[in-house]
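Trainee: Fold the stuff below for me.
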Amino acid sequence: IYEKMLGELKDNFWFGKGIFNSPNEDGTDYLWGHNVYIHTIYTLGFFGFLTLIIHLFQKYYLLLKKPSTGKVFTALFSSGLYGLVDVSYFYLNFMMVMIAVLALVQYEIEE
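Mentor: Down below sits the predicted model:
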């Protein structure tokens, strides 16, 4: 899967193949990358990957700014590691929880 996804990047390097791209001509299948970073490059291109890197930098910067949020840091750090084997950032339920946690971390840092 990784080789196929990275091999198809030549033609769509900057903006990827799109989130709803199907490897079948009839559009009946969806190719999951099983790695959030490779899946981001495949679907959103280099531009999307760059925005993911910026997001990750901001997320860990916030968490390292006030280290007392150890449990939250551990949870979000492990979610980043989990992204190596799954496409967590492309699941709505994961993103809703992560956005709520990041909002709480931001609130705690500003207090």
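
Trainee: list the helices and strands the strand or helix carrying residue 64 packs on?
Mentor: Per DSSP states H and E, residue 64 falls inside helix 36-65. Helices and strands touching helix 36-65, as assessed by 3 or more C-beta pairs under 8 Å, 6 or more residues apart in numbering; DSSP states H and E, comprise helix 2-7, helix 70-82, helix 92-110. Using the backbone N, CA and C atoms, a C-beta is placed for each residue, glycine as well.

Trainee: show me what contacts the residue most central in space within the chain?
Mentor: Most central in the chain under C-alpha atoms, centre = their mean is residue 89, positioned 4.0 Å from the mean C-alpha point. Going by C-beta atoms under 8 Å, 6 or more residues apart in numbering, residue 89 touches 36, 40, 52, 83, 95.

Trainee: farthest-separated two in those?
Mentor: Pairwise distances across those (C-beta to C-beta) peak at 13.3 Å, for the pair 40 and 95.

Trainee: of those two, who's got more company?
Mentor: residue 40 (24 against 12; other C-beta atoms under 10 Å).

Trainee: what sits against that one?
Mentor: By C-beta under 8 Å, 6+ apart, the neighbours of residue 40 are 16, 33, 48-49, 52, 89.

Trainee: what about 7 Å?
Mentor: 48-49, 52 (C-beta atoms under 7 Å, 6 or more residues apart in numbering).

Trainee: Same question for residue 39.
Mentor: By C-beta under 7 Å, 6+ apart, residue 39 lies in contact with 32-33, 87, 90.

Trainee: what about 6 Å?
Mentor: 33, 87 (C-beta atoms under 6 Å, 6 or more residues apart in numbering).

Trainee: quick revisit: what about the helices and strands packed on helix 36-65, which gets the closest to residue 56?
Mentor: Nearest of the helices and strands packed on helix 36-65 (C-beta to C-beta): helix 70-82, 6.6 Å.

Trainee: residues near residue 88, how many?
Mentor: For residue 88, using other C-beta under 10 Å, the count is 18.
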